[in-house]
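Asker: fold the following, please.
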Amino acid sequence: MSFLKKRSFALGILLGCAGAIATGVFGIFFNYFDMIGLSSGGRTILTPCLVFFACFSFTVIKNPKLLIPKEKKFLFTMIVISGGILYSTYNYAYVMALDNLPMSITALFNFSNAIVLVVLLRLFFKEAISKKKIICCSIALIGILLVLEVFSGGNKGISVLGVFWGITVTISLALAYTIDYFHIKKGFPFYVIQTYTCLGAIIAYSFQYSLLDLCTELGNLSVGNDTSLWIVLFIYFNVVVVSYVATTASYNFVDASYTSLTYVLEPVVAAVSGFLIFKERLTNVQIIGIMISVIAIVLMQYIDSNQESLPLKKRTEIK
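Answerer: Numbers count the residues shown, from 1 in each chain. Model (predicted):
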């Protein structure tokens, strides 16, 4: 391997790791916003607002004509179905899951959307499901059951409500990725998809909690010239951008099968962060369960990437 190829490979891996780590630390910021008193509505609408601003700005700078598709019907599927229904459900469920589960388990549910995605891609796009994938999914499910301590009578720290929101996170995210895959196959760049998807989510949330409500609430929380909130918001904005862009950008430098291996960092970083910052403790069985699930899903992602299917993040280049 030449020096340039080695450098390109290293850059691709670093970008993949950056995206996985950024996603893994989301819970830190959500817990902070919860502790300072930001309402669940504010925590729910915050991320789509930041992503919309970033992706819309990038699209306008790059090529604003991309915002007007030739077939207008795709505006409906992106704004209403993907954003207004699926992405809005996912964001709300993620916030609720963090309110009822440790960061590590919420991240595991988020990460496990790949299991559901295998089935959805088979149903809607006739993607093949190999025996290896079935075995990996089965092992991952066993790991999740260990995390939930189903075999040992359950864990008082894991509520039924928390599990419900965790499963909702998994299913809604898988459905959102499925329709994103549909839009990618139609030729839409991921930043255009995210622009309209987040717009749809913002519109859906606005019936109960609008962007104006968010600005008002953030303004009230920062009374007293305390700049810490705005510093954290600025940092979170950059973390969100890295999460949504870095993994996708990595596909320009390395094969997706290598990038998929970096996904292991997402639940691992969430578990370590939850333990160090919020003193969230897991039993030995739960730790083993997380390890089993993550390894199985990463292996499935690797197999999936080699077969040129859709990985956990949307596979499309930034051109």
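
Asker: just give me how far the helix or strand hosting Leu299 sits from the chain centre.
Answerer: Under the criterion of DSSP states H and E, Leu299 resides in helix 284-306. Averaging C-alpha positions (C-alpha atoms, centre = their mean, to the nearest Å) puts helix 284-306 17 Å from its chain's average.

Asker: which strands or helices does that helix pack on?
Answerer: Secondary-structure packing of helix 284-306 (3 or more C-beta pairs under 8 Å, 6 or more residues apart in numbering; DSSP states H and E): helix 103-111, helix 113-125, helix 131-147, helix 256-259, helix 265-278. Yep, even glycine has a C-beta here, placed from its N, CA and C like the rest.

Asker: try 6 Å
Answerer: For helix 284-306, the elements it packs on are helix 131-147, helix 256-259, judged by 3 or more C-beta pairs under 6 Å, 6 or more residues apart in numbering; DSSP states H and E.

Asker: tilt between it and helix 265-278?
Answerer: Angle of helix 284-306 versus helix 265-278, following axes from the mean of the first three to the mean of the last three C-alpha atoms, to 10 degrees, is 150 degrees.

Asker: what does Lys70 show for phi and psi?
Answerer: Backbone geometry at Lys70, expressed as degrees, to the nearest 10, gives phi -60, psi -40.

Asker: how about Leu101?
Answerer: Dihedral angles (degrees, to the nearest 10) for Leu101: phi -140, psi 160.

Asker: how about the contacts made by it?
Answerer: Neighbour list for Leu101: Gly162, Gly166 [criterion: C-beta atoms under 6 Å, 6 or more residues apart in numbering].

Asker: picking up where we left off before, could you check the helix holding Leu299 and say which residues are buried?
Answerer: 286, 289-294, 296-305 (16 or more other C-beta atoms under 10 Å).

Asker: tell me what angle that helix forms with helix 113-125.
Answerer: Going by the same axes, to 10 degrees, helix 284-306 makes 40 degrees with helix 113-125.

Asker: not counting its neighbours along the chain, what's nearest Ile295?
Answerer: Val264 (7.5 Å; C-beta to C-beta, 6 or more residues apart in numbering).

Asker: and the helices and strands packed on helix 284-306, which is most packed in?
Answerer: helix 256-259 (a mean of 21; mean count of other C-beta atoms under 10 Å).

Asker: give me the mean pLDDT for that helix.
Answerer: Helix 256-259 shows an average pLDDT of 67 in the prediction.
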